[in-house]
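>>> Using only what follows, build the 3D model:
(2 chains)
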Amino acid sequence: MSRHSRYPGYDVWEEHQHWDDHTKKIVGSRRTPQVSYAFFSQGEALLMQTIVRVLVNDHRLEVLTYVIQHLDDSLASPIGEAQRKVGVLPKKQLYRKGLAGVDAESHARYGVDYVVLKKEEQQAVLRAISEGETKAADAWSEVDSVTFFKRILRDAVDACYSHPLVWSDIGYGGPAYPRGYVRVEKGLTDPWEAKASET
Amino acid sequence: MKHEGGVTHHSVHYAGHRSNDMNQRKYADEADVCIVGAGAAGGVLAYDLAKAGLKVVVIEAGPFWDPQHDFASDELSMRRLGWQETRLVDGQDPLRLGHNNSGRGVGGGTVHFTGVFLRFHESDFMTRTLDGVGEDWPIRYQDLAPYYDRIEREIAVSGPDHFPWGAFHGPYPYPVREPISANAQLFREACAKLGMESVVAPLAILSGPFDGRPPCINRGFCNQGCMPNAKYSGLIHHIPKAIQEGAEVLSDCMVTEILSEGNRVTGVVFSHDGQSYRQRARVVILAGFVVETPRLLLHSATPHFPDGLANSSGWVGKAIMPHSSHDVYGRLPEEVRLYKGTPVLSLSQHFYETDLDRGFARGYTLIAHGSRPVAMAGAIAAEREDGSFLWGQKLRETMLDYNLYARITLVGEVLPHPDNAVTLSGLTDEYGMPVPKVTFSYQENDKKLYKHAIGQMNRLIEAMGGIPEHVVSDTAHLMGGCRMGSDPQTSVVNEYGQSHDIPNLFIAGASTFVTSGGANPTNTVMALAARTADKLIEAMKQRSV
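As a prediction, this is how the structure comes out:
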């Protein structure tokens, strides 16, 4: 596993002039997200952002702001969630009650809100939730903590790995229309793709 | 009109006419044939039947996409190509639906499929006879062979000169794709090391110009909608051709009920922008895939058919099957760059046929499978085979090595079981229809099969010089739920997709599959649709339906 990007000088957004307009618009909007919430309260948004920071281990405000905005948009949207397991609350309720559960768990363990915990404590609370080893029994009576954890992890990761800053970190060439990829075989790269720095 | 991202979508489409005016429908009085669903099966049927001079109306729940303006090179935003409406899932192994296995919009699943275009083998049609598992189909491979030939020619499938497995050995109409991606090369080299044959994948993706469309540019976003139109979809091929031949397509129109009188269907009710409309037809074909087709039948129960229309057998909704589709991600010492090129460019069917020494019946296909960041990070974080989660620093550090990963994916046969089923739940959706419940649990043979496959995928990663690090639990495709058969007591339709109960009701698409095979199903879906079209044209000429 790598501690640092293998592609330190690479910025995939620098290639956006070569992308089709629709893609440019979608990806560009992630770089300058609005900060207005239709689903989250201010308190929930701050809590969610703190949780996401721990889940994806990314501390950049640009990335976190976009992830929270994306989660808020999808929670406010009437579009369905494709599938929901029998017995699991609809997504909106799952988030609302689950977020309350995170704070309740934080209080049960440390006596304070989640957002003011130390990093290691925040990790410990999420670990307990992910393993179903919760202490705040009342807060988790309607919500299975593991189901909640899986949901927020998947949603946070989906959004985080859609941000062009993260694409740059991992050396993802990304959108390639209309130009396509020409040199696709082993060991080959197109001139504009990320090149790993010598380590 | 629907406005999405600045694009105007019309809903009424026929030659020389595109509007959103439901009062200007071409066949408002009555059509010969009404097809519900404009996907892989619906497209083939619409084109073939319109070409034969029949008055055809296709009704599709989703939009009539415009690839240049609606599609994008982006994983997250293009999930909307799947059926996102919430379904309940249940069972020991609840399925992921949506973009994972369904389409919504003209072209259906073909808009976002990987384009892998395989035939079933002879053994797939007779698993009961050969292996004592599953059920036999009412047809044999030879019944379908001419239709496989025809569909592959019609859409210029590219593939190898020699295909080593099954009954068909090539050549394909168009030459094999080249070059292939690093991931596909590594897979083939690893297969060779372990004594397994492999091929460059047969694909519904052009290797040269065809029918005004260009060859593939290896953009890599097959699952997000092809923008150059190099990949086949019903949206850019069969549906526009059907319209040229006189068919009418109604998009953004959700069919909510099948109308019937006694043991005849008379048409359908559909909803558009909150308004209800009727479409009368001499023949109705349901081509709405494995969840919506049974749902519509169960919801259209009548005093004559109290357990659901065309359901005297009780088999409507039963014996649905996904493919087991586990992935192994392995880290290599050199860069692979999984994002580059067509996602699937090589595969092996070395383990396709039953070998009882392996301890299970039937088999599978292994494919070299590209992956983009959202798919990979989401899967290794939250869909791990052992049920654990990967998050925080470990996830981030793993993804910093994204370009070093290779991936292999399973397409594994899942045997039919009556408890794996689509039923109606007590919830209702925005149309007032009951929300479907989709129940699925792997059975013993299925589990042995995918465990064997995971072992082989691990070996292949090691043969690449890599370390198999992440095993992801997933499924792909859906089949069954309205299976075909000769016995009206134990099947819903006959070998042509005609209902045993209602002679002017047909079902097309993957829902009629009896078994799942161990290969991507789209070629078989389209070949079966072409066979149904031939039968129906003949029957309608003789006025026997």
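
>>> Could you check how far the residue nearest to B:Trp315 when sequence neighbours are not counted is from B:Ser516?
By the measure of C-beta to C-beta, 6 or more residues apart in numbering or on different chains, the closest residue to B:Trp315 outside its immediate chain neighbours is B:Val492, 5.2 Å from it. C-betas here are computed from N, CA, C, even on glycine. B:Val492 sits 17 Å away from B:Ser516 when distances are taken as C-beta to C-beta, to the nearest Å.

>>> same for the longest helix seen in chain A, what does it pack against?
When every helix of chain A is counted residue by residue (DSSP state H), the longest turns out to be helix A:91-110. In terms of contacts (3 or more C-beta pairs under 8 Å, 6 or more residues apart in numbering or on different chains; DSSP states H and E), helix A:91-110 is packed against helix A:42-56, helix A:61-76, helix A:119-130, helix A:145-160.

>>> Can you tell me which of those helices is nearest to B:Gly246?
Comparing the helices and strands packed on helix A:91-110 against B:Gly246 with C-beta to C-beta, the closest turns out to be helix A:61-76 (41.4 Å).

>>> which intervals of chain A have sub-threshold pLDDT?
By pLDDT under 70, the weakly predicted segments of chain A are A:1, A:199.

>>> residue nearest the centroid of it?
Central residue check for chain A by C-alpha atoms, centre = their mean: the C-alpha nearest the mean position is that of A:Ala156, 2.5 Å away.

>>> surely that one meets A:Leu55?
Yes: A:Ala156 sits in contact with A:Leu55 when judged by C-beta atoms under 8 Å, with a separation of 4.9 Å.

>>> Any stretches of chain B with poor pLDDT?
Within chain B, the segments meeting pLDDT under 70 span B:1-8.

>>> can you give me the helices for it?
Using DSSP H, the helices of chain B run over residues B:40-51, B:67-70, B:127-131, B:141-154, B:182-193, B:238-244, B:289-299, B:373-382, B:393-400, B:444-463, B:522-541.

>>> Take these and lay them out in CSV including distance to chain A and mean neighbour count.
Formatted as CSV, the entries for these read as follows, by distance: least, C-beta to the nearest C-beta, whole Å; neighbours: other C-beta atoms under 10 Å in any protein chain shown:
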stretch, distance to chain A, mean neighbour count
helix B:40-51, 20, 29
helix B:67-70, 6, 17
helix B:127-131, 29, 16
helix B:141-154, 25, 18
helix B:182-193, 4, 23
helix B:238-244, 21, 23
helix B:289-299, 10, 26
helix B:373-382, 4, 24
helix B:393-400, 4, 20
helix B:444-463, 15, 19
helix B:522-541, 21, 22
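
>>> Columns distance to A:Arg31 on top of those, output as CSV?
Shown next, in CSV, are the helices of chain B (distance: least, C-beta to C-beta, whole Å):
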stretch, distance to A:Arg31
helix B:40-51, 37
helix B:67-70, 22
helix B:127-131, 53
helix B:141-154, 44
helix B:182-193, 30
helix B:238-244, 36
helix B:289-299, 37
helix B:373-382, 16
helix B:393-400, 20
helix B:444-463, 36
helix B:522-541, 37
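
>>> which one of those helices lies closest to B:Glu85?
B:Glu85 lies closest, by C-beta to C-beta, to one member of the helices of chain B: helix B:289-299, at 9.5 Å.

>>> how far does that closest one sit from the chain's center?
Computed by C-alpha atoms, centre = their mean, to the nearest Å, the separation of helix B:289-299 from the middle of its chain amounts to 15 Å.

>>> show me what contacts the closest residue to B:Ala379 other than its chain neighbours?
In space, B:Ala379 comes closest to B:Val472 once its chain neighbours are excluded; the distance is 4.4 Å by C-beta to C-beta, 6+ apart. Contact analysis of B:Val472 by C-beta atoms under 8 Å, 6 or more residues apart in numbering or on different chains lists B:326-329, B:379-380, B:383-385.
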